[in-house]
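Asks: 3D model of this:
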Amino acid sequence: MAVKKQLLLFLGSIAFLFIAIFFIFPRFSEDTNDNFSDEPVVKEDGGFDSTGSKSGLWKGYYKNGNEAYHGNYQSGLKEGAWNYFTKDGKLFKHLTYNNGLKNGKVSIFSDGRLYDEISYTNGKKNGKHIHYSATGSVNYVQEYKNDSMSGEFIIYSATGKITQKGSLSDGKNVGEWRMYNDQGSLTEVNVFDTLTSTYREIKFSLNGDTLSDKIVKQ
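Replies: Got it, this is the predicted structure:
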């Protein structure tokens, strides 16, 4: 099946696309610990309020003396902008907290370049997760609803053309998925039926003629 071949070249088969998103780049996953390095934070500096809860600016440090993070606490909860760093001093993550929960855009960096942007509301992923290539172009855009991969999913080529476009609901392929070649021509359409666990697979020639049209069991 062409859709699986194309996805294997980029992220893996469509059937396991949601797994690939989380594990193909585990080192930078937003679901891992905030600190980039496996090296533990050995020192923290900060203040406390009258109840003994963390308050005001706090900083953490690696064993080599470099700063691991800095940000503010309010009544023991993270509040406002926080920055996390690698053990060699490079910015790894920038995000904002509200009452201890992630809110707004989480930006993740790799060697100084923007790697991922993930939108949060009240501690849950809501909105777009945008992943960038080493050249700064968009690799893919995935929508979330309350931490669930639900909504539109788009994969782009290195030249910025859409190569695949479809939707997911709770991590499962739903509705129509379209595949394109590097020239932007439609090569395949898959229409998923969640009730029967099948999909209709339609393949096209370069001039747009239908090459095959069949029902495939997932």
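Asks: Tell me which residue lies nearest the centroid of this protein.
Replies: His129 (4.5 Å; CA atoms, centre = their mean).
Asks: residues touching that one, list them.
Replies: 21, 116-119, 141-144 (CB atoms under 8 Å, 6 or more residues apart in numbering). No exception for glycine: its C-beta is placed from N, CA and C like everyone else's.
Asks: Go through these and flag which are in strands.
Replies: Among the contacts of His129, the ones falling in strands (DSSP state E) are 116-119, 141-144.
Asks: Can you tell me which of those residues is nearest Thr159?
Replies: Nearest to Thr159, judged by CB to CB, of the ones in strands among the contacts of His129 is Val141 at 16.0 Å.
Asks: Check the gap between the spatially closest residue to that closest one that is not a sequence neighbour and Asn99 for me.
Replies: Counting by CB to CB, 6 or more residues apart in numbering, the nearest residue to Val141 once its immediate chain neighbours are dropped is Ile154, at 4.9 Å. Applying CB to CB, to the nearest Å, the value for Ile154 to Asn99 is 33 Å.
Asks: between the two, which one's more packed in?
Replies: Ile154 (19 against 12; other CB atoms under 10 Å).
Asks: Could you pull up phi and psi at that one?
Replies: Torsion angles at Ile154 (phi, psi; degrees, to the nearest 10) stand at phi -130, psi 130.
Asks: Which helix or which strand is home to Ser167?
Replies: strand 162-169 (DSSP states H and E).
Asks: The following helix or strand past that strand vs strand 162-169, what angle?
Replies: Downstream of strand 162-169, the first helix or strand assigned by DSSP H and E is strand 172-180. Interaxial angle of strand 172-180 relative to strand 162-169 (axes from the mean of the first three to the mean of the last three CA atoms, to 10 degrees): 170 degrees.
Asks: any idea of the mean pLDDT in strand 172-180?
Replies: Strand 172-180 carries an average pLDDT of 97.
Asks: Could you pull out the buried residues of that strand?
Replies: 172-174, 177-180 (16 or more other CB atoms under 10 Å).
Asks: Any idea which helix or strand in this protein has the lowest mean pLDDT?
Replies: helix 17-23 (a mean of 34; mean pLDDT, DSSP states H and E).
Asks: Many thanks, we can stop here.
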